[in-house]
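K.L.:
coords please:
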Amino acid sequence: MYATAYAKLNLSLAVLGLCGDGFHEIDSEVQTIDLCDRLTIAFPAARDEVTSAPSLPGENIVGRAATALRRRKGFVEGVRVHIEKRIPAGAGLGGGSSDAAAVLRVLDRLTPPELALDELCEIGAEVGSDVPLFLHGGRLRVTGRGQRVRTYDDPVKERFVVAVPPVHCATAAIYDRWDALGGVDEAPTGVGSRGENDLLRPALDLHRGLLTYYEAIGALGAEYWGMSGSGSAFFAAFRKEGVARRVGVRLNRRFESAQVFVCRPTTAGCCVLEGS
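P.N.:
Numbering: from 1, shown residues only. Alright, predicted model coming up:
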């Protein structure tokens with residue numbers, strides 16, 4: 001079977017403090033977008049195997065997802081997963097978590113009876129904090145350490161220009177810096193609540209080169225703009241796709257070492273396709 005695993009943008013992100021389990025509690029408005037990885041999943045297989053092209057570290061979250069579902073449903077067969085990576089890693093776009101959610105969806109379908117969404121999200125939360133949001137998709141409010149998800153009926157209509165600098169932001173390091181700075185974000189923000197991200201200040205503090213990108217995004221005349229997750233991706237929202245595409249071309253010319261995407265919102269976090 002095949003699956004499409006979509007990326008996400010944190011349109012806003014507030015860090016509320018530490019939970020009892022040592023994770024940080026957040027409150028975030030999230031929108032999934034059509035920037036995606038493509039997965040090929042073979043089941044049953046002789047043994048578990050996860051590969052990606054280009055090869056990236058950290059894809060063990062996909063293996064953990066397969067193991068967690070196997071434990072819950074009691075099957076013993078192996079799973080072979082190949083991922084065509086398009087979502088940049090270390091950018092706050094959730095690519096690894098989205099891949100894990102897609103694997104859970106596919107394996108759940110291949111090993112009936114299928115679990116209820118709440119049960120699948122419970123398994124996803126054990127694998128990674130962002131996995132449940134991709135099992136829902138669309139426009140969401142994400143709270144707790146990321147595992148509590150509320151869906152909105154009215155989707156975001158804007159088109160997004162997403163710029164990913166050649167900087168890998170380690171999530172744990174960004175949160176550690178947030179703690180060290182006292183948990184107070186005095187960094188500039190976008191318009192209104194969208195675009196506000198409490199992790200912006202620690203990200204800029206650890207990676208000074210990101211400021212140039214943030215200032216460039218803020219000067220585009222977007223409806224709102226900001227940083228996604230713990231960085232390093234920045235986004236700008238526009239009402240018209242034609243405007244977004246022209247802005248994307250301009251950014252690509254200015255920042256040749258960055259990756260620039262023009263994206264639409266999606267109503268799903270991942271999509272499963274049957275193959276022959």
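K.L.:
please state the backbone phi and psi of the residue nearest to residue 270 when sequence neighbours are not counted?
P.N.:
Counting by C-beta to C-beta, 6 or more residues apart in numbering, residue 102 is the residue found nearest to residue 270 once chain neighbours are left out, at 4.0 Å. From N, CA and C alone the C-beta is placed, and that goes for glycine too. Dihedral pair for residue 102: phi -60, psi -40, per degrees, to the nearest 10.
K.L.:
neighbours around residue 102, how many?
P.N.:
32 (other C-beta atoms under 10 Å).
K.L.:
quick one: it from residue 84, how far?
P.N.:
12 Å (C-beta to C-beta, to the nearest Å).
K.L.:
quickly list what's touching both of these two.
P.N.:
Listed as contacting both residue 102 and residue 84 by C-beta atoms under 8 Å, 6 or more residues apart in numbering are 37, 39.
K.L.:
now for the residue nearest to residue 270: which residues touch it?
P.N.:
3, 4, 5, 37, 39, 134, 270, 272.
K.L.:
again, only using 10 Å
P.N.:
Counting by C-beta atoms under 10 Å, 6 or more residues apart in numbering, residue 102 touches 1-6, 36-39, 41, 62, 65, 81, 83, 131, 134-135, 269-272.
K.L.:
the residues you listed in strands, which ones?
P.N.:
The strands, defined by DSSP state E, take in 2-6, 36-39, 41, 81, 83, 270-272 from the contacts of residue 102.
K.L.:
settle this for me: residue 131 is touching residue 101, isn't it.
P.N.:
Yes: counting by C-beta atoms under 10 Å, residue 131 touches residue 101, with 5.1 Å between them.
K.L.:
let me see the domain layout of the protein.
P.N.:
Using automatic domain parsing, the domains assigned to the chain come out as 2-152, 159-263.
K.L.:
kindly reformat the ones you listed as a markdown table containing mean pLDDT.
P.N.:
Below are the domains of the chain laid out as a markdown table (pLDDT from 0 to 100):
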| stretch | mean pLDDT |
| --- | --- |
| domain 2-152 | 93 |
| domain 159-263 | 91 |
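K.L.:
contacts only, for the residue in the chain sticking out farthest from the centre.
P.N.:
Most distant from the centre of the chain: residue 46, at 30.6 Å, with distances by C-alpha atoms, centre = their mean. Residue 46 is in contact with 77, 78, 80, counting by C-beta under 10 Å, 6+ apart.
K.L.:
okay, and residue 221 sits in which element?
P.N.:
Using DSSP states H and E, residue 221 falls within no helix or strand.
K.L.:
likewise for residue 176?
P.N.:
Assessed by DSSP H and E, residue 176 sits inside helix 171-180.
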